[in-house]
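S.K.: below is the sequence, then the predicted model.
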Amino acid sequence: MEDLAIARGIDPNKFIIGIGQSQQAVPPNHQDIVTLGAQAALPLLPSIDNNRLKMVIVGTESGVDASKSSALYIHKLLNLSPWVRCVEVKEACYGATAALMMARDYILAHPGTQVLVIAADIARYGVGTPGEVTQGAGAVAMLVSENPRVLQINDDSVVKSAEIQDFWRPVYQSTALARGKFSTEQYINMFCDVWQRYSAENACNFNDFEAICFHLPYTKMGLKALRAGFEENSGMSPTSDTRERLLARYQDSTKYSRRIGNIYTGSLYLGLISLLDCDYFRNSCDSSATACDSSESVGDSPAVACDLSSAAHTNEPPTCPSPLLPGQKIGLFSYGSGAVAEFFSATLVPGWRDALFSNQHIKALNNRTQLSVLQYEAMFNSAAPYSPQDFASSQNHRSGVRFVLDSITSQERRYLSI
Ligand code: COA
C-alpha cells in the first residue's frame, strides 16, 4: 500500500493509518470466486460427510454468471455428493451471513445434516479510483452442523433492511460504484440501529461480549462503528475494562484484513478467523514471545498475532487480551450495502482452538509474491473480461494453487484441478 500510495501521489499514511490497509491481495487471472471458494473449502473436506451434506451455498457479489450458480462449479471441483442443493446468494457484503443463517435454520430443522457455506469475492474498484486502496480478494468456507467444533451460532439476531444507493455494481461491469462517505455513514447508522434493538431484545450490553467482529471494507470502518456504538449506547454504558477489551480484540480481528483488503461478503468471517488465530498464536507461543511485539512486521507467525503495530496506528492502548475461553460470546456485525445489516452472536465451544487452521492461514499469507505497482495494474487489467471474447488464463503464479480457471471458450468456463 505504501508503493501504491507513492505511485498515486498520496501520503502513504493516508492508506496505512487513515484507512488502515498495509497490503492488498491481487488475484492472478486464473483465480475467480469459484477457484478461491473451492480452495478455501479444501481443508474442510475431511470433515464433510457426503451422506450428511445437504446444501452448498455460496455468498458472493462477484458472480461469474448472471444465471448459473457458482456453487455448482465448486461442487464439481470438490467432487461432492450429487444429492445436495447448490445455490448462490447475493446481497453485497451481507450474502454470506444470509447463507449462514439459512444453514443454521436448515440444521435446526434437520438435525444431523451438514451445510457448506462459502463466502468468496474479488473487490474491484478500478486503477486510480478512491476505492482502489480497499480492493482485495479471498474466500472463507464454513461447515455448519449440529455439533460445531468452533462456535455455536445463537438464535438472537436482529436484522434491518433499507433500500439505499451507497454501493452497487451494474451487471455489465467488473468494478463497483460507491458513494464512499455516504456508505460509511450508512454503515455506522445501521450498526447503531441493529445494536440498539439487539441489546434491547436480548437484554444485554457491550459488557456481555468478549469480542465484536465487524464487516471490514477497510480496517478503520468497524472501529468507527464501534466507537459510535459506545457513544450512542442508550442502555448500560460499557465499563472502561470492556472498552479496552473490545478495542484490543478489534485490533486482533483486523490483522488479516489489513494484509488482504476487502473480500466483501467474507470479510466479517475473515475478521473472526483473524481474532481466533491471533488468540491461537498468542497462547501457543512461549511466554517471551507472547509479549506485545510492537514491531512493524506482520510477517511470520507467531509474531503476527502478538504484533500490535496496527493498534499503534490507531492510538489504541497496546493491550494483549487474555486467552479466549469456551462459553465466551462473540458479537458479529454484518453489513451489505444496498443495504442489509445484521447483528448476532456466537459462543465458543470446548476444544475450539484445536479446530483452527491458523498455521495454514499464515503460511498462505506469507507465501504470496510481492508485485510492483506496474505488475499489479497489468494483473488487474488482465482479468477475464465481461464480454463474449475467448480467454486463456496466465500460466504464471500457479504454484501452490489447486484450482484454476483455465480458459473461456465460446462463452463456457473451463476449470481445472492441478
Ligand atoms: N495521514 C493519516 N490519515 C490521513 C491522511 C494522512 N496523510 N490523509 C487522510 N487521512 C485520513 C482521513 O482523515 C480519513 O480519516 P477519517 O475517516 O478517520 O476521517 C481517512 O484517512 C480517509 O480519508 P478520506 O479523505 O475520507 O478518503 P477518501 O475520500 O479518499 O475515501 C475511502 C477513501 C476508501 C474511505 C472511500 O473511497 C470508501 O469508503 N470507499 C469504499 C466504500 C465502501 O467500501 N463501501 C462499502 C461499505 S461496506
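M.R.: Now that the structure is in, tell me what you want to look at. On a predicted model such as this, the values are computed, not experimentally measured, just so you know.
S.K.: how many neighbours does the residue in the chain positioned nearest to the ligand have?
M.R.: At 2.1 Å from the ligand, residue 18 is the closest residue in the chain, using CB to the nearest ligand atom. Just so you know, the C-beta spots here come from the backbone N, C-alpha and C atoms, and that holds for glycine as well. The criterion is other CB atoms under 10 Å. On that basis, residue 18 has 15 neighbouring residues.
S.K.: do the same with the one 5 residues further on
M.R.: Residues contacting residue 23 under the criterion other CB under 10 Å number 18.
S.K.: wait, it sits on residue 1?
M.R.: Yes: in this structure residue 23 lies within contact range of residue 1 using CB atoms under 8 Å: 6.3 Å.
S.K.: Provide the secondary structure category for the residue of the chain closest to the ligand.
M.R.: Taken by DSSP: H, G, I helix; E, B strand; the rest coil, the conformation at residue 18 corresponds to helix.
S.K.: show me the helices in the protein, by range?
M.R.: Counting by DSSP state H, residue ranges of the helices within the chain are 2-7, 12-13, 33-41, 70-77, 95-109, 180-201, 219-232, 240-260, 267-284, 303-306, 309-313, 358-366, 373-381.
S.K.: go ahead and name everything in contact with the shortest one.
M.R.: Here helix 12-13 makes contact (CB atoms under 8 Å, 6 or more residues apart in numbering) with 1-2, 5-6.
S.K.: give me that answer again for 10 Å
M.R.: Taking CB atoms under 10 Å, 6 or more residues apart in numbering as the criterion, the residues outside helix 12-13 that touch it are 1-6, 18-19, 22, 313.
S.K.: what residues does the stretch 201-350 of the chain have near the ligand?
M.R.: With CB under 6 Å from any ligand atom as the criterion, the stretch 201-350 of the chain comes near the ligand at residues 217-218, 335, 337.
S.K.: which two among those are spaced furthest apart?
M.R.: Taking CB to CB as the measure, those span a maximum distance of 13.6 Å, between 218 and 337.
S.K.: so between these two, which is more surrounded?
M.R.: Between residue 218 and residue 337, counted using other CB under 10 Å, the more crowded position is residue 337 (28 against 23).
S.K.: mind listing what the more buried one touches?
M.R.: 61, 91-94, 164-169, 176, 178-179, 182-183, 186-187, 190, 215, 217, 264.
S.K.: below-threshold pLDDT in the chain: ranges please.
M.R.: When the per-residue scores of the chain are filtered using pLDDT under 70, the ranges that remain are 233-235, 285-319.
S.K.: one step back: grab the nearest non-local neighbour of the residue of the chain closest to the ligand.
M.R.: The shortest distance from residue 18 to any non-neighbouring residue, by CB to CB, 6 or more residues apart in numbering, is to residue 220 (7.1 Å).
S.K.: residue contacts, the most centrally placed residue in the chain?
M.R.: Among the residues of the chain, the one closest to the centroid is residue 267, at 1.9 Å (CA atoms, centre = their mean). Neighbouring residues of residue 267 by CB under 10 Å, 6+ apart: 93, 96, 119, 121, 123, 136, 138, 140, 213-219, 221-222, 256-257, 260-261, 334-335.
S.K.: now the buried members of those residues.
M.R.: 93, 96, 119, 121, 123, 136, 138, 140, 213-219, 221-222, 256-257, 260-261, 334-335 (16 or more other CB atoms under 10 Å).
S.K.: and the ligand, is stretch 54-66 touching that?
M.R.: No: no part of stretch 54-66 sits near the ligand under the criterion CB under 6 Å from any ligand atom; the closest distance found is 10.7 Å.
S.K.: re the thing from before, pretty sure the residue nearest to residue 18 is touching residue 19, no?
M.R.: Yes: the pair residue 220 and residue 19 qualifies as a contact (CB atoms under 10 Å) at a distance of 5.7 Å.
S.K.: which residues are in contact with both of those two?
M.R.: Common contacts of residue 220 and residue 19 (CB under 10 Å, 6+ apart): residue 134.
S.K.: buried residues, stretch 397-407. List them.
M.R.: Residues of stretch 397-407 classed as buried by neighbour count (16+ other CB under 10 Å): 397, 403-407.
S.K.: and the helices of the chain as CSV, adding distance to residue 158?
M.R.: Putting those into CSV (distance: least, CB to CB, whole Å) gives the following:
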stretch, distance to residue 158
helix 2-7, 38
helix 12-13, 37
helix 33-41, 28
helix 70-77, 28
helix 95-109, 12
helix 180-201, 4
helix 219-232, 13
helix 240-260, 19
helix 267-284, 15
helix 303-306, 31
helix 309-313, 29
helix 358-366, 30
helix 373-381, 38
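S.K.: looking at these, which is nearest to residue 131?
M.R.: Proximity to residue 131, assessed across those by CB to CB, is greatest for helix 180-201 (6.7 Å).
S.K.: so what does the closest one touch, helix or strand wise?
M.R.: Counting contacts by 3 or more CB pairs under 10 Å, 6 or more residues apart in numbering; DSSP states H and E, the secondary-structure elements packed against helix 180-201 are strand 158-161, strand 167-168, strand 211-214, helix 219-232, strand 329-336, strand 340-348.
S.K.: quick check: which of those is nearest to residue 36?
M.R.: strand 329-336 (18.8 Å).
S.K.: what's the burial count for residue 390?
M.R.: Neighbour count of residue 390, defined by other CB under 10 Å: 12.
S.K.: pretty sure it is touching residue 408, no?
M.R.: Yes: assessed by CB under 10 Å, residue 390 is found in contact with residue 408 at 6.3 Å.
S.K.: residue 67: how many residues sit nearby?
M.R.: Residue 67 is flanked by 6 other residues according to other CB under 10 Å.
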